[in-house]
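J.: sequence and predicted structure are below.
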Amino acid sequence: MKKSLSIFGIALLFFGAIIFGMYITYTNSEIELKERTESQKEVCEANFDKMFKVISQTAEIPQEFMEQAKNTFKEIYTPLMEGRYSNERGGALMSWVGEHNPQFDLNAVSDLYKQLQRTIEANRQEFFLEQKKLIDMCREHLTYIQKFPNRIFLSDKKEIEIIIIKSTHTEEVFQKGKDDNIKLFNED
């Protein structure tokens, strides 16, 4: 009787150790998934902040360039026109203007706007990929806490809440189930 009681005690102890080991393993894995997901949320915030700053500051460059070009053009062209049409200098200045007429470089302006387009596209794509990672990490965490036998040990764990950044237009389209706006440039 004592021998069977001691075998039962050893089996119970062994079974308890296995259960305790499973609890530690599942809890640690859940903590790791949760922390990785929480960190990815911060990455998304930092990436959005960077994207916003890069796009807004890049957009200011063409505006500043245009202002400087316009002011330079006014500074140069006004005295030239005054000299060209004054009777004092006549033909010599007229021929200098013809040879050295300042040009407004539309190619440079076009290049600045192309760079701005590339910047916007690249930063938005990068942000999309970071949000995609976050969504997948959240899915991985939720799947982990719902699987058997994990859910036995992790029944008190909740789904991680995330905020996905999207436009009002996208939100409305998914609520209504229709996207009839095919105009690229609204005429409102």
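T.: Ah, there it is. Numbers count the residues shown, from 1 in each chain.

J.: okay, CA-based contacts and neighbour counts for the rest of this
T.: Will do.

J.: in terms of contact, does residue 59 touch residue 115 like I think?
T.: No: using C-alpha atoms under 8 Å, residue 59 is not in contact with residue 115; the gap is 9.5 Å.

J.: those two: which is more packed in?
T.: Taking neighbours as other C-alpha atoms under 10 Å, residue 59 and residue 115 compare with residue 59 leading, 18 against 15.

J.: can you tell me the closest non-neighbouring residue to the more buried one?
T.: If the residues on either side of it in the chain are set aside, residue 59 comes closest to residue 116, at 6.3 Å by C-alpha to C-alpha, 6 or more residues apart in numbering.

J.: and the one you found, which helix or strand is it part of?
T.: In this assignment (DSSP states H and E), residue 116 forms part of helix 106-146.

J.: so what does that helix touch, helix or strand wise?
T.: In terms of contacts (3 or more C-alpha pairs under 8 Å, 6 or more residues apart in numbering; DSSP states H and E), helix 106-146 is packed against helix 2-85.

J.: relative to residue 17, how far out is the most centrally placed residue in the chain?
T.: When the chain is reduced to its mean C-alpha position, the nearest residue by C-alpha atoms, centre = their mean turns out to be residue 127, at 2.4 Å. Separation of residue 127 from residue 17 (C-alpha to C-alpha, to the nearest Å): 45 Å.

J.: check residue 8 too.
T.: Relative to residue 17, residue 8 is positioned 14 Å away (C-alpha to C-alpha).

J.: cool, residue 158 as well?
T.: Following C-alpha to C-alpha, the distance that separates residue 158 from residue 17 is 26 Å.

J.: cool, residue 51 as well?
T.: Going from residue 51 to residue 17 by C-alpha to C-alpha gives 50 Å.

J.: same deal with residue 142?
T.: Between residue 142 and residue 17 the computed distance is 27 Å (C-alpha to C-alpha).

J.: what of residue 59?
T.: 62 Å.

J.: same question for residue 173.
T.: Computed with C-alpha to C-alpha, the distance linking residue 173 and residue 17 is 53 Å.

J.: kindly report the same for residue 149.
T.: With the distance defined as C-alpha to C-alpha, residue 149 ends up 16 Å from residue 17.

J.: how many neighbouring residues does the residue nearest to residue 55 when sequence neighbours are not counted have?
T.: Beyond its immediate neighbours in the sequence, the residue positioned closest to residue 55 (C-alpha to C-alpha, 6+ apart) is residue 120, lying 5.9 Å away. Burial measure for residue 120: 19 neighbouring residues, criterion other C-alpha under 10 Å.
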